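S.K.: any chance you could fold what I've pasted below:
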Amino acid sequence: MPVRPDWQRARRPEEKAARREAILRAAESLLDDKGVDGTTLSEIARESGVSKASCYRYFESREAILLEVAVEEVREWAADVRERLEPLAGTRDLEGIARAYAAATSSRPRFCMLLSALSSVLEHNVRAESVLDFKRRFNGAAFETVAGVREAIPELSDLQVACFMRFLSTAIAGAWPMANPPPVVANLMQREEFASVRSELEPSLFDYCRLVLRGLLAEARGG
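M.R.: Numbering: from 1, shown residues only. Predicted structure coming up:
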């Protein structure tokens, strides 16, 4: 997409907001098509119709753009999880809770992709202040789901629910690349000899969440 001539000099707030929005939407499109590695600043500029130099007026780096997309993704993910957890209040339905998190997560590959790249890629090449702001917003949104877990399992303490959320984040970051290997590896994994170690995202997350919740509930009951 060529640089739009009417965007050469964005002065009004609405023009600046439109350009920033175009950059973020371009990044989303590229993530879906090419993954994190293929979502370069040059590609984002080309896709958005904004010059590469202009991108730096709105974001300090490619990583900063992707962190902003990650915040949008976690907010949508959290809203989905909260909705799925609402009917489970007071049920102590560990499988239902695990299913809610697993289903909401597996339906958002962009969210999983970004989460799995946070510590190794996205939190580099950005200022400390930017990372601090990102973590506050990202974690704040993610932890909005814990109220639903507490309502479903009243025995769990705040510390235990926080433990569950830390585990979940680690599980998603690890399970996503395992469930989405490069094409060569994916073909090899179809061999019968690897049947027992094939990884599918939603079933894996369901098992992880269910087992952790079972252990935390047993701990809470003194078991």
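S.K.: could you list every residue that touches the spatially most central residue of the chain?
M.R.: In the chain, the C-alpha closest to the average C-alpha coordinate belongs to Phe111, at a distance of 2.9 Å (CA atoms, centre = their mean). By CB atoms under 8 Å, 6 or more residues apart in numbering, the contact set of Phe111 is Ala70, Glu73, Val74, Glu76, Trp77, Thr105. No exception for glycine: its C-beta is placed from N, CA and C like everyone else's.
S.K.: out of those, which is most surrounded?
M.R.: Thr105 (25 neighbours; other CB atoms under 10 Å).
S.K.: got the buried residues for the lengthiest helix in the chain?
M.R.: Among the segments of the chain that qualify as a helix by DSSP state H, the longest is helix 13-38. Of the residues in helix 13-38, Arg19, Arg20, Ala22, Ile23, Leu24, Ala26, Ala27, Glu28, Leu30, Leu31, Val36 count as buried by neighbour count, 16 or more other CB atoms under 10 Å.
S.K.: do stretch 54-70 as well
M.R.: If you call a residue buried by 16+ other CB under 10 Å, then stretch 54-70 has these buried ones: 54-55, 58-59, 61-70.
S.K.: end to end, how far does that stretch reach?
M.R.: 21 Å (CA to CA, to the nearest Å).
S.K.: so what touches it?
M.R.: Judged by CB under 8 Å, 6+ apart, the contacts made with stretch 54-70 from elsewhere in the structure are 7, 10, 16, 19-20, 23-24, 27-28, 31, 36, 39-41, 44-45, 48, 110-111, 114-115, 117-118, 121-127, 130-131, 134, 138.
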